[in-house]
Every structure is written in C-alpha cells, then in structure tokens.
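*Asks:* Got a predicted model here, sequence first, then my questions.
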Amino acid sequence: MEQDLSNYRKSYEKSELLLENTPENPVELFQKWFFEVDNFFGKDETNAMTLSTIGLDGFPKNRVVLLKRFTFEGFIFYTNYESEKGKAIAQNPNVCLSFFWHGAERQIIIKGKAEKIAENLSDGYFESRPRGSQLGALVSHQSEVLPNREYLEQKLLELEKEFVGKEIPRPAYWGGYIVKPDEMEFWQGRPNRLHDRISYKLQPDYNWIKNRLSP
C-alpha cells in the first residue's frame, strides 16, 4: 500500500516569537506559553509531553507522559522505575522532552538529564492520587508481558478487597523523575515555513545563552 501525503499543507499564522521579546531564563518563557495554551487552546491535556530515551537495545524510544510540576530546576513526571523507560534512564539519564501544541502552532523541545526526586516528594504526590490510580500503580508491573486483560483486572479486584478501609502505600518501584534542562528550544509556526526558532543553552556559570535558529 502506498499513500502520497505530499499535498498536505498548513499555513502557520497565529503568532510570532522575536528574540528581543524573550526572557533570559527559558523556564519563564515555558511558563508563559504553557498558561497561554492552557487558557486559550486547552481542549486536550496541555501537560502531555513526549519523553524520549535511549533504550537498552540502543534504539531511541518515544512515549507520551504527563508533566506534573515544573520549577526553575526542572520538569517532573511520575512513572514505574522498573518500566522500560525507567531502565533506560538508569543506564543513560540523557533524555528529551517535547511539547507540541497544534492549536497554538507551538513546539518546545527540552534536552536534559533525568534523576529521581526525593522519596518524600513521591510519597506526597502518590497520596494525592485517586485510589484507583494508586491501585493501578500496584497492579501494573509496567512493560512486562501479560497473559491477557483479565489477568490485570483480576489483580485489581484482589487489591481492592485487600485495601478496603486501608491506606494504600506507594510501591518502592514507583515515583518521580525531574528532568534538569541543558537546552531548550521554542518553535513558533510562521507563514511560508519561515518559522521562529529560539534556542537556549545552559552555560557552566548557570546562565543561559539564547540564539535565533534558521527554520
């Protein structure tokens, strides 16, 4: 089967990104864009981001995860530490995050290193989750092969009975990562494919250098 997509076209005309109007710290620009998108284009999950890792097999792999917090230090998400992505991060902490907000014609790419956050922070977030999500973390040994869907649902039923009226503990294999950025790139779609691209790179003195990149 062959499908020709060469005639797919879109003109990007919603905004502009000028170097002289950008802050010195890229997290400030991230925050501005995030809340603009969430307020005006937030039909979907604004905090959905693509996480790219280098797997144990040497291949890159992308998957969508949810950003749960961001600070000037970095970007935090939660997952199973024993999952495929967790094992990949343990071997190579260099990762990439990307956001694509098609409604606003914007993209952000973040390169940095991932590391586990403090256990008490993971505990606090786990306690804030709905009970169903807490039980789901206990049920799922993420990325492992399952015999069938029924096996998973039966395990959930058993745990629901086990923890009736009880607090659900955070499993040691589940928690948060923070991605501390070394580079951040902001892309704003523009007409005629002359898109705006502003790149920030962290320097040894912890200041950021920014540049406009050719589209």
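*Replies:* Alright, I've got the coordinates. Numbers count the residues shown, from 1 in each chain.
*Asks:* Go ahead and confirm Gly112 touches Tyr177.
*Replies:* No. Using C-beta atoms under 8 Å, Gly112 is not in contact with Tyr177; the gap is 10.6 Å. C-betas here are computed from N, CA, C, even on glycine.
*Asks:* strands paired with the longest strand along the chain, and their directions?
*Replies:* Across the chain, the longest stretch assigned as strand under DSSP state E is strand 174-188. Applying DSSP bridges, strand 174-188 is found paired with strand 75-80 (antiparallel), strand 106-116 (antiparallel), strand 196-202 (antiparallel).
*Asks:* Please spell out which residues along it are buried.
*Replies:* Of the residues in strand 174-188, Trp174, Gly175, Gly176, Tyr177, Ile178, Val179, Pro181, Met184, Glu185, Phe186, Trp187, Gln188 count as buried by neighbour count, 16 or more other C-beta atoms under 10 Å.
*Asks:* State the distance from the first one to Val27.
*Replies:* Counting by C-beta to C-beta, to the nearest Å, the separation of Trp174 from Val27 is 26 Å.
*Asks:* Trp187 now?
*Replies:* Distance from Trp187 to Val27, by C-beta to C-beta: 17 Å.
*Asks:* same check, this time on Ala48
*Replies:* 19 Å.
*Asks:* the more surrounded of the two?
*Replies:* Neighbour count, other C-beta atoms under 10 Å: between Ala48 and Val27, Val27 has more, with 19 against 13.
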